[in-house]
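Peer 1: here you go, sequence then predicted model.
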Amino acid sequence: MDILIIDDDAALRRTLRTTLSSMGHAAAEAAAAEAALAALREHRFDLAFLDLRLGRDAGLDLLPRLLREAPDLAVVIMTAYATVSSAVEAMRRGAFDYLPKPFTPDDLRVLLTRWEAARRLRRRVTDLEEQVRAAVPEADLDTVEPVMRQALDVAFKAAASEATILLRGESGAGKGVLARAVHARSPRAAGPFVTVHCPSLAVELLESELFGHARGAFTGAVRDTQGRVTAAEGGTLFLDEVGDLPAALQPKLLRLLQDRSFERVGETQTRTSNARVVAATNRDLTAEVAAGRFREDLYYRLNVIEVELPPLRRRPGDLLPLARHLLAFFARQAGKAAMTFSAEAEAALQRHPWPGNIRELRNAIERGVILAAGPGIGLADLPAGVAHPPPARVEVGGAVTLEALEAEHIRRVLASTATLEEAAVVLGINPSTLYRKRQRTAQG
C-alpha cells in the first residue's frame, strides 16, 4: 500500500516508515497539516497514520479536511493520550481505526490486516453493485446443449487454477457473463473483478486506464492514478475484446503476463501485480497473428486455456428457456405481473437467427416487456426484424430449390420494372402466368 505518516515527531515518522517499508509498503511523511494536504493533492494514498496532537494543529480537526481531499483515504488516529471519548470522536469524524502509542510491529500488522480485509470487502460490494447495475441474469449460462455444456465444463475446471483463460465467441455470446462466473468459482472470488474494454479508448488513454499514471505524465494528469491492473489486485482482470488491443500496448501486456510487472505512465518505478487475467475476443487471433496485427508470443501467453462459446443459433434447445427466464427477469424489474409469450411470438423467436446472440435476445425481450399493454407479449411487441424477418437471400448455386430460385428471380424483376406487362416481357411469360406465379410467391 501507499501510506502517509502525519506526525510532528521526526523520530517516530522515521521509525514507522522503516517498519512499514520492511513490510513491503511505500510510506511518505508529513510533519504538519498543510504538508499533509499538499501530499494528498500530488499523490494517491491508501492509508494515513495521523497523530492526534500535531504540533499547533489538532489531528481531529485535520481529519475531515483529509477526507474531503481524498474521500477513499483510510485514516488511523495515533495518540499517546488514548481515551474512550477521543476514540469515539475520531470514529465519528470518519477515522478507520485508532492506534494507542506506543505500538509494536505486531500491532501494525494486525491493523493493516484488518484494513486489507475491509478494503477487499468494499471492492466486493462495489463489484456486486456493478453486477446489479449491469443486471445480467446468471441464466445466460443455463444450457441443455452439449456444445455449450462442454465449453462451461472446460471454463469451470480452469477456474480453480491461476491459468490465463481466453474466451472466444461472437459479440453478445456471453463471454463477459462467463468471465464473471469463472471469477466467482475461483479462489479469488472474494477479490475484485475488474473489466478493461480494450477497443474503447485511444492508445494513450487505454494505457493509463490499464496501468495508471503519475502526476504530470500528460496534460490533465493532476495527481497519481492507479490503473485497472492495481484495482484488480488479488482478484481477476478481465480484458474484454483483447484482439483489439493496440499494437503499442501488446508488449506491455505480454510483460504483465510473463513477469507480473508493469510501470505506470510517466513513472520509472516497476510495480508487481497479483491479478489473474481472463481475456475475451470475437476475433480469430490466429488470423490476426498471421496478418501481423497481433503478437504471436502474446497470443500463446493468453491462450493457456481456450474456451469457445457457441453462438445462440447453435443452441436451439436453450432459446425458449432463456427467453422465458429473461421475460420473468424484466417483468420483475418493470414491476409487472407474470408475463408470457404468445404462440406467434415464440415461433418468431425460434425462427430468428439472432446474429447479435444473447445480447440481441435480451434487448428484444426488454423492449417487449416495456411495450406490452397486457401480460402477454405478441408479435407487435417484438422488434420488426424479429417479428417479420425479410425473406432469406437466395443465391444461384446454393442449396436452394428451383421453386425458391424462381420466386426470388420474379421478386427482383418485379422490383426493377414499372409494370406487370414489362416484367412479363423480361421473364418471357405472359402476364396472366406471371400474375399466378406472383400470387403463389406472395402466399409462400
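Peer 2: Structure received. Residues are numbered from 1 along each chain as shown.

Peer 1: dump whatever helix or strand Ala347 lives in to CSV, keeping only the CA atoms.
Peer 2: Per DSSP states H and E, Ala347 falls inside helix 343-351. Extracted C-alpha coordinates of helix 343-351, given in CSV (Å, rounded to 0.1, in the frame of the first residue of the first chain):
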residue,chain,number,x,y,z
ALA,A,343,-47.5,-18.8,-29.6
GLU,A,344,-46.8,-16.5,-32.6
ALA,A,345,-44.1,-14.6,-30.6
GLU,A,346,-42.4,-17.9,-29.5
ALA,A,347,-42.4,-19.1,-33.1
ALA,A,348,-40.8,-15.8,-34.2
LEU,A,349,-38.2,-16.1,-31.5
GLN,A,350,-37.3,-19.6,-32.7
ARG,A,351,-37.2,-18.6,-36.3
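
Peer 1: now do the buried residues in it.
Peer 2: By 16 or more other CB atoms under 10 Å, the buried positions in helix 343-351 come out as Ala345, Glu346, Ala348, Leu349. C-beta here means a position set from N, CA and C on the backbone, and glycine is covered the same way.

Peer 1: is it true that Leu254 touches Leu298?
Peer 2: Yes: in this structure, Leu254 is within contact of Leu298 by CB atoms under 8 Å, at 4.6 Å.

Peer 1: now, which of the buried residues of helix 343-351 sits nearest Arg228?
Peer 2: The closest of these to Arg228 turns out to be Leu349 (CB to CB; 37.0 Å).

Peer 1: so what's that closest one closest to, chain neighbours aside?
Peer 2: In space, and not counting its chain neighbours, Leu349 is closest to Ala323: 5.5 Å by CB to CB, 6 or more residues apart in numbering.

Peer 1: with Leu99 instead?
Peer 2: Met78 (5.0 Å).

Peer 1: SS state for that neighbour?
Peer 2: strand (DSSP: H, G, I helix; E, B strand; the rest coil).

Peer 1: which ones are touching it?
Peer 2: Asp7, Phe49, Leu50, Asp51, Leu52, Leu99, Pro100, Lys101, Phe103 (CB atoms under 8 Å, 6 or more residues apart in numbering).

Peer 1: out of those, the closest to Leu309 would be?
Peer 2: For the contacts of Met78, the closest approach to Leu309 (CB to CB) belongs to Phe49, at 48.3 Å.

Peer 1: how about the residue nearest the centre of the chain, nearest residue that isn't a chain neighbour?
Peer 2: Computing the C-alpha centroid of the chain and ranking residues by CA atoms, centre = their mean puts Thr195 first, at 3.5 Å. The spatial neighbour of Thr195 that comes closest, neighbours along the chain excluded (CB to CB, 6+ apart), is Phe238 at 4.7 Å.

Peer 1: give me the phi and psi for the one you found.
Peer 2: Phe238 adopts backbone torsions of phi -100, psi 110, taken as degrees, to the nearest 10.

Peer 1: right, and Phe156 touches Arg185 too?
Peer 2: Yes: using CB under 8 Å, Phe156 is in contact with Arg185, at 5.6 Å.

Peer 1: do you have the strands of the stretch 251-400 of the chain handy? List them.
Peer 2: Taking DSSP state E, counting those that start in this stretch, the strands of the stretch 251-400 of the chain run over residues 261-262, 271-272, 276-281, 305-308, 340-341, 376-377.

Peer 1: the third one - what's its average pLDDT?
Peer 2: Per-residue confidence for strand 276-281 averages out to 96 on the pLDDT scale.

Peer 1: was I right to think the residue nearest to the centre of the chain contacts Gly176?
Peer 2: Yes: Thr195 is in contact with Gly176 according to CB under 8 Å; the separation is 7.4 Å.
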